[in-house]
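J.: my questions concern the predicted model and sequence given below.
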Amino acid sequence: MSANFGHLKDISPELHRLGVLAERFFADDANTSLIKSRQFGEFLAKEIAARAGFYDPAARETQVDLIRRLAAEQILPRDVAGIFHAVRKAGNEAAHGIGGSSSDALSALRFCHALGVWFRRTCGRDSGFNTGPFVPPRVSRDIDSATLAELAALRQQVQEAEAKLAAAHASAEELERARLAAQEMARQAAEESSVWEQTAMELEANQAALALRLKELQSDAAAQPQATLLAFRQAGMEAANRLELDERQTRQLIDVQLSDAGWEADSTSLRYSKGTRPEEGRNLAIAEWPTESGSADYALFCGLTCLGVIEAKREAVNVQSALSQAERYARHIRLSPEMLPGDDPWQYGIDEPFRVPFVFATNGRPFLRQWLAGSGIWYRDVRRQTNHPQAMPSWFTPKDLLEKLRMDVDAAALGLAEDSFGHGRLRPYQEKAISAVEEAIARGSARSSSPWRRAPERHARPLR
């Protein structure tokens with residue numbers, strides 16, 4: 001039995017076994033656990049494709065291509081596709097080397113658990129299914145202190161969930177699941193890993209049976225009417241909307257998104273508290289950078305220059321409302337003089353200037369127009385008061401931000417003023433409208449009090 005993956009046994013024995021193996025190897029070998037988590041994600045993507053009628057065993061497409069294709073076909077909601085990518089990247093790094101920390105393995109396990117619940121709700125037609133909180137796996141003696149603390153917090157969540165269900169007079173089924181979760185933690189210490197090593201060898205020898213199952217699922221899906229595919233997509237979207245990721249998991253998804261955009265991002269290891277500092281030739285997203293009003297979730301550095309700050313919230317939070325917190329960090333961030341972008345911070349008639357030009361807020365969810373305030377990446381260029389927040393579907397690359405930094409908005413406004421109407425005949429009302437726009441731009445530029453104004457020395461407080 002596995003409290004985290006036992007619910008998969010009836011609908012996909014192969015997925016159940018891979019999840020259990022990833023869980024059991026966690027205590028003995030984080031690298032192997034990560035590889036099993038990657039295999040869990042690989043097989044799950046193939047099974048989803050087969051059940052939807054999109055599996056082609058002769059295509060030989062990579063995992064990343066399959067995930068992208070399923071997302072493009074709206075078989076995988078983009079939230080879920082992001083989790084698949086996070087598991088894939090962590091597993092690839094483990095497979096190509098001999099490393100992989102306990103923290104990485106625990107993160108991959110938690111993502112696999114979330115994917116398993118989504119799969120059960122989607123393909124098991126069990127939209128109300130809930131396993132309860134993730135049950136932390138058995139641990140080894142040499143595990144690092146940070147992971148131990150996270151595991152202790154997860155165990156506390158399991159115990160609290162059981163108590164809450166009992167107090168709320170939950171159904172017998174829910175109480176039984178909570179009881180099994182508590183028993184799982186008690187049983188782990190007495191379990192021998194040799195049993196699971198044997199199971200791993202059996203799994204590797206069973207590849208032909210796995211391939212046969214996928215072909216059968218694909219054949220069954222091909223015989224279904226088009227309405228079945230539409231129902232599949234709808235069930236997947238509803239299941240994705242019910243996924244709940246905490247702030248740590250959201251950070252890990254954001255790490256993947258930033259890495260895809262060309263930033264070095266790892267909110268576990270690339271942290272200010274662990275000694276990470278900007279370096280020439282590196283584009284770093286450094287986590288937990290200090291400010292005078294708290295820690296910014298990320299500070300974006302191109303070389304030694306800080307270009308922006310990011311406020312990251314858990315998935316359930318309205319992301320647009322978090323942008324004001326990022327603006328506060330942009331005013332209060334602690335930077336040595338050589339880390340400031342350009343010569344001076346920006347201000348427009350206020351006591352506290354902005355020390356960096358770009359602010360971001362996100363909850364890790366992909367951009368959806370129908371859910372504008374609660375998805376995507378919200379961004380604002382704070383160099384001008386007239387710049388409004390915008391929602392973006394993806395992150396700027398380091399090159400994008402450097403190019404934005406070099407843009408001289410005042411010079412652009414001046415160029416408009418100097419341009420004449422001599423390039424063609426315009427009607428009087430057209431000339432009047434253009435002039436009004438130019439005057440508005442010029443007024444906005446004047447209100448900005450020059451974006452390169454020198455701030456008092458107290459605003460360039462050196463790091464301690």
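T.: Happy to help now that I have it. Numbering: from 1, shown residues only.
J.: contacts for stretch 41-54 next, please.
T.: Under the criterion Cβ atoms under 8 Å, 6 or more residues apart in numbering, residues 12, 14-15, 18, 55, 63, 66-67, 69-70, 73, 75-76, 84, 87-88, 91, 112, 115-116, 119, 122-123, 210, 213-215, 217-218, 220-222, 224, 229, 232 lie in contact with stretch 41-54. In short, each C-beta sits where N, CA and C put it, glycine included.
J.: in helices, which of these fall?
T.: 14-15, 18, 63, 66-67, 69-70, 84, 87-88, 91, 112, 115-116, 119, 122-123, 210, 213-215, 217-218, 220-222, 229, 232 (DSSP state H).
J.: among those, which ones are buried?
T.: Buried members of these, counted by 16 or more other Cβ atoms under 10 Å: 14-15, 18, 63, 66-67, 69-70, 84, 87-88, 91, 112, 115-116, 119, 122-123, 213-214, 217-218, 221, 229, 232.
J.: nearest residue to the middle of this structure?
T.: Nearest to the geometric centre of the chain sits L253, at 1.9 Å (Cα atoms, centre = their mean).
J.: element containing it, please.
T.: Under the criterion of DSSP states H and E, L253 resides in helix 247-260.
J.: I'd like the average pLDDT over that helix.
T.: In this model, helix 247-260 carries a mean pLDDT of 89.
J.: now A391: closest residue in space that isn't a chain neighbour?
T.: G376 (4.4 Å; Cβ to Cβ, 6 or more residues apart in numbering).
J.: quick check, the one you found in contact with P389.
T.: No: applying Cβ atoms under 8 Å as the test, G376 and P389 come out as separate, 11.0 Å apart.
J.: of the two, which one has the most company?
T.: For G376 and P389, the more surrounded residue by other Cβ atoms under 10 Å is G376, and the numbers stand at 24 against 15.
J.: OK, contacts around the residue nearest to the centre of the chain?
T.: Contacts of L253 (Cβ under 8 Å, 6+ apart): G82, I83, A86, L245, G364.
J.: buried residues, stretch 260-267. List them.
T.: Buried residues in stretch 260-267, counted by 16+ other Cβ under 10 Å: A261, W263, E264, A265, D266, S267.
J.: same thing with stretch 381-400?
T.: Across stretch 381-400, burial judged by 16+ other Cβ under 10 Å covers D381, V382, R383, R384, Q385, A391, W395, F396, P398.
J.: shaky segments in the stretch 251-400 of the chain?
T.: Scanning the stretch 251-400 of the chain for pLDDT under 70 picks out the ranges 315-320, 342-351, 366-375.
J.: mind listing what's buried in stretch 20-29?
T.: Buried, per 16+ other Cβ under 10 Å, within stretch 20-29: V20, L21, A22, E23, R24, F25, F26, A27, D29.
J.: how close does the third one get to K404?
T.: Which is A22. Per Cβ to Cβ, to the nearest Å, A22 is found 42 Å from K404.
J.: circling back to that earlier point, how about the buried residues of stretch 20-29 in TSV, adding pLDDT and secondary structure?
T.: As requested, the buried residues of stretch 20-29 are arranged in TSV below (pLDDT from 0 to 100; DSSP: H, G, I helix; E, B strand; the rest coil):
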residue	pLDDT	secondary structure
V20	92	helix
L21	90	helix
A22	91	helix
E23	89	helix
R24	87	helix
F25	87	coil
F26	86	coil
A27	79	coil
D29	83	coil
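J.: fine, thanks again, bye for now.
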